[in-house]
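Colleague: Provided below are the primary sequence and the corresponding predicted coordinates.
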Amino acid sequence: MSSPTISFAFVTHDHQPVGNLDWVMEEAYRLAYLPFLEVVERHPAVRVGVHYTGNLFEWLDAQHPDFLDRLRALIERGQVELLTGAGYEPILPIIPPRDAIGQTRMLTGDLKQRLGVRPKGFWLAERVWEPHLPEVLARSGVEYTLLDQAAFATTGLSEQELLGCFLTEHLGATVTVFPINQFLRRSIPFDPPEKAIGYLHAMASESGDRLAVWADDGEKLGSWPGTHKWVYEQGWLEQFFGLLEQNANWIRSTTLSEWLADHPPNRTVYLPCSSYPEMLEWAGGNWRNFLARYRESAVMHRRMLWVSRQVAEVEDDLAEERRVAGQPQADWPSSAQRELYRGQCNCPYWHGVFGGLYLPHLRAANWQHLLRAEAAAQAIYRPSPSLDSADFDGDGEKKYMFSTPTLGVGFDPAYGGAVFEFDYLALPWNLLATLSRRREVYHAELEQAGTPVPVDWYPRLSLLDHFLREDTTPESFGDCRYGEQGDFVNGHYALEPAPEFAFNPTRLTLSRDGNVWAGPVFAPIRVSKTLTPDDKVCRLEASYCMENTGDLAVELWFGCEINFLLSGAEGGGRGYRVGGGKRVHALNERGQHVKVVKMVALDPWLGIEFRLQLEQPAELWTMPIETTSRSEAEIERVYQGTLWLPNWRIKLEAGEQWKNTLRLIVRPTTTS
């Protein structure tokens, strides 16, 4: 009788989001990526699989090319297997299949050129699986992927039966899936290394036909809080690899491709929508729920799909023109495609135990890449200016997008007649990549400790129309604990195109017949605003007309909310000036200013300034919008943008009108 044996595969997934700060990536390199490679080099008998996302791979090649040279040497001696993936780590099911295949072929080609091998395995971002993916993966040219053991819960397979690999298919296209062992994933590297060895011993069989897979984030091995000391300074990984070598008579260290070459899949399985258990808990069972929970994520996702269609149309048209002309096809991927792919990076689309959506620099990076891709497509085939309509946030209502080579403005008639996107395309920069404050489950801990957590009941858009109660203060308004007297903020505005709308789409009038509590009277009020984008000076003009359509005189307190996000709240010359004043206030400073006709927000780092001009002087409140979110290390307070609220006291007789004009202007920084 032979002794029990088992095969073991160790796979790391190293990833950094598009737009991440260079010092963060350098720290991860120092704490995790480099020391891991050094341990692998010292243990030539231990085989490992590694995956680097496209963004991280590009950074390593630029900043630490010697690291990739050492990695290539390990690949060439057969100790390391390289995995590919969708290049900039999108959530694969929510991007068009064309882009998923393109991203995978792009990264595979880049890896082949730099490291000399064409990977067979595929790392699925956040292991978000949906049943149609086998066809996408097969068309991408990969043979296998990895999914968490929890994804197999509905198959009826036992823990021992899951020690191997399986086939799954969609419309006849097949791919092999390896279960990631749940016990090992939770044990490594947090328990003593002997515990994982003991588990492998318990799972070994006399037939030797079982495979246990540990596959997880490489950042767990060094850059997660406290792990560098445990994994490297105290020698956890060195000890674990040493134990694998000492027990090589019954633990066979292998790569997934090597295993698959000798062991066909156990059987065919069909897997439901899934991810790792923590993700399913954060998302409420399905990753797509993030698109329903966070409006900002839904808007960015719908805009990404819109840009993807534009880029695809242009690329197809250009390819056909070259084919007809007998010219060679252009290099692939094009610059527009790469920009689109970068804008599909998953991190700012969701939130779990790390910042993700709550990190403004990650949202800004995705927006920048999407806008660059769109600009490249529009420069080829779109008229200027253009006005398009679509449901840009998935709520079933039509929105409008005004686009030119220098300016983009999105209007939402169904939600307060608000502006939901304001793009300065010279950078590019979306000044409305802000974030509303929401209730998260971990907020209860803070509130129990006596720390209030403000929550917004409406999205932080711009040109939102407020009618305030008399006891409203800048503090209560900023914390969303004030009294709203009207029904305009989230009300439906009617769209009234100007007569020249069909020929020169440069003006929209939005109006609402609503009501406002004015003392004991629920007074009928009509608010209309004519929105005129001006491409030549990167300006949006909002001409307001408020009319008392009732029979009684009313006294109203009206405010127009404007939200915007620059590159940060303070430092580096960032801030705002009131009127012609010289003092620069921090963008996260609360303020109350009177008789204001001009405000200027400054961002020398971006090289732009954002101006508000008022036809009628106003009292103007300024305040930051800051969220409270959880990261791997702590609870964080994060600046998400600045709110300006110009407000006026207005008395209207029956039938009387009040008119005012606001101008939002973005332009390169000046000294005035």
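Modeller: Looks like it came in fine.

Colleague: from here on, contacts and neighbour counts on C-alpha atoms
Modeller: Fine.

Colleague: mind listing what's buried in stretch 606-616?
Modeller: In terms of neighbour count (16 or more other CA atoms under 10 Å), stretch 606-616 has its buried residues at 606, 608-614.

Colleague: Could you list which of those belong to strands?
Modeller: Cross-referencing these against strands under DSSP state E gives 608-614.

Colleague: Can you lay out these as a markdown table showing pLDDT and distance to L552?
Modeller: Formatted as a markdown table, these follow (pLDDT from 0 to 100; distance: CA to CA, whole Å):
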| residue | pLDDT | distance to L552 |
| --- | --- | --- |
| I608 | 95 | 46 |
| E609 | 96 | 43 |
| F610 | 97 | 40 |
| R611 | 97 | 37 |
| L612 | 98 | 33 |
| Q613 | 98 | 32 |
| L614 | 98 | 28 |
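
Colleague: Between these, which sits nearest R105?
Modeller: I608 (37.4 Å; CA to CA).

Colleague: Bridged to the closest one, which residues?
Modeller: As for beta bridges, I608 partners with D603, P668 under DSSP bridges.

Colleague: For it, give me its contacts.
Modeller: I608 makes contact with 602, 666-669, according to CA atoms under 8 Å, 6 or more residues apart in numbering.

Colleague: Helices along the stretch 1-150 of the chain, start to end?
Modeller: Counting by DSSP state H, counting those that start in this stretch, the stretch 1-150 of the chain has helices at residues 22-28, 34-42, 54-63, 65-76, 97-115, 133-139.

Colleague: S436 is nearest to which of those?
Modeller: helix 22-28 (25.5 Å).

Colleague: quick one: contacts of that closest one?
Modeller: By CA under 8 Å, 6+ apart, helix 22-28 touches 16, 219, 222-223.

Colleague: let's go with 6 Å and repeat that
Modeller: S223 (CA atoms under 6 Å, 6 or more residues apart in numbering).

Colleague: Give me the buried positions along that helix.
Modeller: Buried, per 16+ other CA under 10 Å, within helix 22-28: 25-26, 28.

Colleague: May I have it as PDB, with CA atoms only?
Modeller: Provided in PDB are the C-alpha atoms of helix 22-28 (Å, rounded to 0.1, in the frame of the first residue of the first chain):
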ATOM      1  CA  ASP A  22       3.200  56.100  -6.700                       C
ATOM      2  CA  TRP A  23       4.300  55.900  -3.100                       C
ATOM      3  CA  VAL A  24       1.600  53.400  -2.300                       C
ATOM      4  CA  MET A  25       2.800  51.100  -5.100                       C
ATOM      5  CA  GLU A  26       6.400  51.600  -4.100                       C
ATOM      6  CA  GLU A  27       5.600  50.600  -0.500                       C
ATOM      7  CA  ALA A  28       3.800  47.500  -1.700                       C
END
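
Colleague: what is the rounded mean pLDDT of that helix?
Modeller: The pLDDT scores in helix 22-28 average 97.

Colleague: what do you get for stretch 425-439?
Modeller: On average, stretch 425-439 scores 95.

Colleague: Could you give me the buried positions within that stretch?
Modeller: For stretch 425-439, by 16+ other CA under 10 Å, it's 425-426, 428-438.

Colleague: Grab the CA positions of that stretch and hand them over as PDB.
Modeller: In PDB, the C-alpha atoms belonging to stretch 425-439 read as follows (Å, rounded to 0.1, in the frame of the first residue of the first chain):
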ATOM      1  CA  LEU A 425     -11.600  68.000 -21.400                       C
ATOM      2  CA  ALA A 426      -8.300  69.900 -21.800                       C
ATOM      3  CA  LEU A 427      -7.000  67.800 -18.800                       C
ATOM      4  CA  PRO A 428      -9.400  65.900 -18.800                       C
ATOM      5  CA  TRP A 429     -11.200  66.300 -15.500                       C
ATOM      6  CA  ASN A 430     -14.800  65.600 -14.300                       C
ATOM      7  CA  LEU A 431     -15.500  68.200 -11.700                       C
ATOM      8  CA  LEU A 432     -18.600  66.300 -10.600                       C
ATOM      9  CA  ALA A 433     -16.800  63.000  -9.700                       C
ATOM     10  CA  THR A 434     -18.000  63.700  -6.200                       C
ATOM     11  CA  LEU A 435     -19.500  61.200  -3.800                       C
ATOM     12  CA  SER A 436     -22.600  61.300  -1.600                       C
ATOM     13  CA  ARG A 437     -22.500  60.100   2.000                       C
ATOM     14  CA  ARG A 438     -24.300  56.800   2.700                       C
ATOM     15  CA  ARG A 439     -25.000  54.600   5.500                       C
END
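
Colleague: Show residues contacting that stretch.
Modeller: 368, 406-407, 421-423, 455-456, 459-460, 564-565, 627, 640-641.

Colleague: switch to 7 Å and redo it
Modeller: Residues outside stretch 425-439 that contact it (CA atoms under 7 Å, 6 or more residues apart in numbering): 296, 363-364, 367-368, 371-372, 405-407, 420-424, 454-456, 459-460, 563-566, 627, 640-641.

Colleague: sorry, back to before: which two from the buried residues of stretch 425-439 end up farthest apart in space?
Modeller: So, those by CA to CA: farthest apart are A426 and R438, at 31.9 Å.

Colleague: The residue positioned nearest the centre of the chain: what's it in contact with?
Modeller: Nearest to the geometric centre of the chain sits P348, at 1.8 Å (CA atoms, centre = their mean). Neighbour list for P348: 356-357, 362-363 [criterion: CA under 7 Å, 6+ apart].

Colleague: Let's see that with 10 Å instead.
Modeller: Taking CA atoms under 10 Å, 6 or more residues apart in numbering, we find P348 in contact with 17-18, 296-297, 300, 355-367.

Colleague: buried sites along stretch 169-177?
Modeller: 169, 174-177.

Colleague: So which of those are in helices?
Modeller: Of the buried residues of stretch 169-177, none are assigned to helices by DSSP state H.

Colleague: So which of those residues is the closest to E656?
Modeller: Nearest to E656 among the buried residues of stretch 169-177 is E169, at 68.3 Å by CA to CA.

Colleague: Check the closest one and give its pLDDT.
Modeller: pLDDT at E169 comes out at 97.

Colleague: just G514 next, same as before
Modeller: For G514, the predicted pLDDT is 98.

Colleague: helix, strand or coil for it?
Modeller: The assignment at G514 comes out as strand when based on DSSP: H, G, I helix; E, B strand; the rest coil.

Colleague: can you pull up the bridge partners for it?
Modeller: Applying DSSP bridges, one finds that G514 bridges with I525.

Colleague: Make residue 1 into 46 and carry on from there
Modeller: Fine by me, first position is 46 from now on; the one you just mentioned is G559.

Colleague: Could you name the helices and strands sitting against the helix or strand in which Q685 is found?
Modeller: Assigned by DSSP states H and E, Q685 falls within strand 680-697. Secondary-structure packing of strand 680-697 (3 or more CA pairs under 10 Å, 6 or more residues apart in numbering; DSSP states H and E): helix 405-426, strand 509-512, helix 519-523, strand 584-593, strand 599-609, strand 636-648, strand 653-675, strand 702-713.
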